[in-house]
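Peer 1: here is my input; please provide its structure:
(2 chains)
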There are 2 protein chains.
Amino acid sequence: MQNFTFHNPTRIIFGEGQIAALDSELPHDARVLITSGGSSIKRNGVLEQVQTALGERASFVFSGIEPNPTYETLMQAVELAREKNIDFLLAVGGGSVIDGTKFIAAALKFDGEPWDILAKQAEVNDAMPFGSVLTLPATGSEMNNGSVISYRAKGDKLPFRSDATYPRFSILDPTTTYSLPPRQIANGVVDAFVHIVEQYLTYPVDAKVQDRLAEGLLITLTEVGPQALAEPHNYGVRANLMWTATLALNGLIGAGVPQDWATHMLGHEITALHGLDHAQTLAVVLPAMLTVRREQKRAKLLQYAERVWNLMEGSEDERITAAITATREFFERMTVPTHLRDYEIGGDSIETLIAKLKEHGMTALGEHGDVTPEVSRQVYQLAV
Amino acid sequence: MQNFTFHNPTRIIFGEGQIAALDSELPHDARVLITSGGSSIKRNGVLEQVQTALGERASFVFSGIEPNPTYETLMQAVELAREKNIDFLLAVGGGSVIDGTKFIAAALKFDGEPWDILAKQAEVNDAMPFGSVLTLPATGSEMNNGSVISYRAKGDKLPFRSDATYPRFSILDPTTTYSLPPRQIANGVVDAFVHIVEQYLTYPVDAKVQDRLAEGLLITLTEVGPQALAEPHNYGVRANLMWTATLALNGLIGAGVPQDWATHMLGHEITALHGLDHAQTLAVVLPAMLTVRREQKRAKLLQYAERVWNLMEGSEDERITAAITATREFFERMTVPTHLRDYEIGGDSIETLIAKLKEHGMTALGEHGDVTPEVSRQVYQLAV
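Peer 2: Okay, the predicted model is just below:
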């Protein structure tokens, strides 16, 4: 096991009916900016529940934070927050809304051009306090300090994190997910699954605890993922999915182990260039990445085959191949296609994707730092 | 899954050499009271490492906090802390030292007779800040807000908890455990194992995530427990044991599920009356408790048999019996005897133990509240 620091101060308030807890989580005199995506939180009644819980507090709504939230949109929210003298942000939505709100929170206290937080990785020492009401189990943003922001005009999609950007609290009510379109549930399952894989499928460091926790989360997803599509109103299924997706990226399973994240980085470029959903890019890249990197990941792939997919027959190479196939088939069963051609993308843009990776400094990715642009090219080619 | 709140603000700093991090964790002008047990931290060099890391800060040592820390001893530390104008406590030791330090921290800010915190469950709203350097993987006290304190003169052993008594940080360096006597390692493994069982072996509430996490921790203990006895200087083994014991009782696996704790309560009375080590009482009580409660715990016992002990042959009743036997044999393999007679205790004191349970209000224990004094009597009788 590697040395690590683990610290996660976010308070999780979990379960049906918990939106009412907002009243005790927010200062009584808070001036609140509710940040949100589209109109779904109006249709499904979540916004009304939130506003009821806020009671007499001054609150304003900024809606329109898009999937892959953009600098352009978020800076409008920064302006509104300043205009309304906001002192608390409340993200109501999924990972994009929460990621965007982290940027708004940081930008509001940042001295200088906020895009530098992404482009120059400028240090974020302070941020406006914020909480979240999660409506989409997927990214884990509700219990971590990370955020990924896109700059539409530049075609960039970049991450930042800071100790100042943990949500103070996040409310996870599984019933808020009942009305989600199947595509978003499917994407969420794939996203959470790949988050776990990025922290697990590397090389062994005798981290028995972290391995068992990661495997437990992966197995849970293989169980509840398809059920979540088949039975949208099954509370237990949605509850297990929601809590798993949160634990997938709250720092716990990644503490003390090597991490990969190459699949995410290659995926971000596909989203930036072609507009695919984040999870769609992961479903496309991961099976190709595991295939190209099967020798470097050999020991953990064998463990993954046995413990997650119960694959114990055949040679080592057969088991590894079967595990990668099982992964691809799981994504397909979740109705998320796993080849670029399924999204009508051929190999023509690969050189552009590689150029963007280089531009963003993504030339030594993966747990060994040996996913060079040449290796990334192989992955993209195999993903077509 | 049941509704829950999960919040754990303790910062964990894990790994070899991390004691040096004390310098950045403590205020530069802190006046520190180091609290400790016996002389082992002098012999193994941990105290020296701590004092080196504290540098120029004013620091004092209070040693002599005993296993099952007593009110009588801890109040001496409270007096010393007041006399020396201490503003930060640093527990260096195992769960007893950390539990004791939580009480010292609370007592220092408590208005009134501090024993009321235990006896009357008086609310603790404030406590002196404290951190810990853990030297014994066992109780999980390093990452939770709970504490169990004994009053020697009264023969009482009672728990308290408060939001104010989370350690600010805990440093977990597995090498500090190398010099522990085998008995303490063995006790620690049993203690952590039973902590997990108390949050897992109840009844199903469709909490797939929590079940998988608990099972992962249990399996890890069955793997590393015997190794920890056989290879005291195996870093990986000690690291996995240490992190597992912490995660066993940091609130995570118990969030959203029913909990039992009857085994602990029956065990506390045995310690208070006969002076057995805490883990010894758990090893004695748990197999008897599971036997007496096998019908109420039937579904989870079957799951435990299959997933933790890989017991899939035979009838349901045979598998349950085999799982209880496997549990007992695991404790025995850890060199912790599992019958009261092994400690030269017969059935004579059972009525005294039952009277003490009643006196402490422990008359409706367990996940269903139906472990009455009569049921407890059956458990004690079976434990002889």
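Peer 1: need the pLDDT of the spatially closest residue to A:D29 that is not a sequence neighbour.
Peer 2: The shortest distance from A:D29 to any residue that is not its chain neighbour, by C-beta to C-beta, 6 or more residues apart in numbering or on different chains, is 7.5 Å, and that residue is A:R57. Using the backbone N, CA and C atoms, a C-beta is placed for each residue, glycine as well. pLDDT recorded at A:R57 is 98.
Peer 1: who's in contact with A:R57?
Peer 2: Applying C-beta atoms under 8 Å, 6 or more residues apart in numbering or on different chains to A:R57 gives the contacts A:L26, A:H28, A:D29, A:A30, A:R31, A:V32.
Peer 1: buried among those? Need that as a selection in PyMOL.
Peer 2: Only the buried members of the contacts of A:R57 end up in this PyMOL selection, burial being decided by 16 or more other C-beta atoms under 10 Å in any protein chain shown:
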select buried, chain A and resi 26+30+32
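Peer 1: any chance of the contacts of A:R57 in JSON lines, with secondary structure too?
Peer 2: Shown next, in JSON lines, are the contacts of A:R57 (DSSP: H, G, I helix; E, B strand; the rest coil):
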{"residue": "A:L26", "secondary structure": "coil"}
{"residue": "A:H28", "secondary structure": "coil"}
{"residue": "A:D29", "secondary structure": "coil"}
{"residue": "A:A30", "secondary structure": "coil"}
{"residue": "A:R31", "secondary structure": "strand"}
{"residue": "A:V32", "secondary structure": "strand"}
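Peer 1: got the phi and psi for A:F62?
Peer 2: For A:F62, the backbone dihedrals are phi -110, psi 110 (criterion: degrees, to the nearest 10).
Peer 1: do the same with the one 5 residues further on
Peer 2: Here is the backbone geometry of A:P67 (degrees, to the nearest 10): phi -60, psi 140.
Peer 1: and it, how far from chain B?
Peer 2: 26 Å (C-beta to the nearest C-beta, to the nearest Å).
Peer 1: now swap in A:S39 and tell me
Peer 2: Where chain B is concerned, A:S39 sits at a distance of 28 Å (C-beta to the nearest C-beta).
Peer 1: which ones are touching that residue?
Peer 2: Listed by C-beta under 8 Å, 6+ apart, the contact partners of A:S39 are A:S63.
Peer 1: okay, it: pLDDT?
Peer 2: Per-residue confidence for A:S39 comes out at a pLDDT of 87.
Peer 1: how near is it to A:G64?
Peer 2: Note on A:S39: its distance to A:G64, by C-beta to C-beta, to the nearest Å, is 10 Å.
Peer 1: now render the contacts of A:R57 as TSV, adding pLDDT and distance to A:S179.
Peer 2: TSV is the format used below for these (pLDDT from 0 to 100; distance: C-beta to C-beta, whole Å):
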residue	pLDDT	distance to A:S179
A:L26	97	25
A:H28	96	31
A:D29	97	33
A:A30	98	28
A:R31	98	29
A:V32	98	24
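Peer 1: can you tell me which of the contacts of A:R57 lies nearest to chain B?
Peer 2: Comparing those against chain B with C-beta to the nearest C-beta picks out A:L26 as the nearest, at 15.4 Å.
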